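only the shape, not the letters, is given here:
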């Protein structure tokens, strides 16, 4: 079975400081991994995805994530937070045997001026 | 481009009533799905479809029905609403399946069951 754990339910940063949102996964096979972002009262939007190519994945709006198989992690980072980054972020895993995805419970990112 | 369109955006029902949440996409996607989002629970898959005429159950299918008569439309039916079905519902589609491609989401339908 596949599963994903987002280690923080809330993360607070100041504008201009780095962002780290942590995600650990469990999968029996080579996984595909995704990060989605949800702004208030909106649907989810894909930030980036890993599908067994380069382990460092760059996404939209300056976000990137690194796939670390030995640590079963796929943490999301950004060097400098912007006020518009305030949103909820979801880590998602699929091990390709299924036509479904497993979502983490989400991390709310709060950005203060 | 409209993308994925969900209607209605808000709905209040009484226990026992039935209703249909509509979902339409104009991207010619084969894969469509319904999720529900509850606080602290992430998104949970209700039903999905890999093409017209084909549907399957997800993680939490009880109390919901779906059909896929066309590529574009994937309605979700609540047969007899219960307070436990109070949630935000998202429809999502993808070109092929959800495992390697990008899921495109609608803006959600917020349902309250009294």
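Nice, I can see it. All of these numbers come straight from a predicted model, not from anything done at the bench.

next to chain A, which bits of chain B? Give me the list.
Chain B has residues B:4, B:31, B:33, B:35, B:40-45, B:48, B:50, B:56, B:58-59, B:90, B:92, B:97-100, B:102-103, B:105-108 near chain A, with proximity defined as Cβ under 8 Å from any Cβ of the partner chain. No exception for glycine: its C-beta is placed from N, CA and C like everyone else's.

among these, which are in strands?
B:4, B:31, B:33, B:35, B:42-45, B:48, B:50, B:56, B:90, B:92, B:105 (DSSP state E).

just the buried members of the residues of chain B next to chain A?
Burial by neighbour count, judged by 16 or more other Cβ atoms under 10 Å in any protein chain shown, picks out B:4, B:31, B:33, B:35, B:42-45, B:48, B:50, B:58, B:90, B:92, B:97-99, B:103, B:105-108 from these.

re the thing from before, farthest-separated two in the ones in strands among the residues of chain B next to chain A?
B:42 and B:50 (22.4 Å; Cβ to Cβ).

nearest to residue A:21 among the ones in strands among the residues of chain B next to chain A?
residue B:42 (14.0 Å).

for the closest one, give me its contacts.
A:90, A:103-106 (Cβ atoms under 8 Å, 6 or more residues apart in numbering or on different chains).

can we see that at 6 Å?
Listed by Cβ atoms under 6 Å, 6 or more residues apart in numbering or on different chains, the contact partners of residue B:42 are A:103-106.

how about residue A:52?
residue A:30.

which phi and psi values does it adopt?
Main-chain torsions, residue A:52, degrees, to the nearest 10: phi 80, psi 20.

could you report the pLDDT at it?
Listed pLDDT for residue A:52 reads 75.

now swap in the one 3 residues further on and tell me
Here the pLDDT value assigned to residue A:55 is 88.

cool, and residue A:85?
With respect to pLDDT, residue A:85 scores 97.

give me the mean pLDDT for the helix or strand harbouring residue B:111.
Assessed by DSSP states H and E, residue B:111 sits inside strand B:109-113. For strand B:109-113, mean pLDDT rounds to 97.

so how far is it off the chain centroid?
12 Å (Cα atoms, centre = their mean, to the nearest Å).

list the neighbouring strands of it plus their orientation.
Strand B:109-113 has the following strand partners under DSSP bridges: strand B:10-13 (parallel), strand B:87-94 (antiparallel).

per-residue confidence averaged over the last one?
Averaging pLDDT along strand B:87-94 yields 94.

quick one: buried residues of that strand?
Buried-residue list, strand B:87-94, by 16+ other Cβ under 10 Å: B:87-94.

then the first one?
When neighbours are counted by 16+ other Cβ under 10 Å, the buried residues of strand B:10-13 are found to be B:11, B:13.

just how off-centre is stretch A:70-78 within its chain?
8 Å.

just stretch B:57-73 next, same as before
Going by Cα atoms, centre = their mean, where stretch B:57-73 is centred and where its chain is centred differ by 7 Å.

relative to residue B:23, how far out is the residue nearest to residue B:111 when sequence neighbours are not counted?
For residue B:111, ignoring the flanking residues on the chain, the nearest one in space by Cβ to Cβ, 6 or more residues apart in numbering or on different chains is residue B:11 at 5.1 Å. Applying Cβ to Cβ, to the nearest Å, the value for residue B:11 to residue B:23 is 14 Å.
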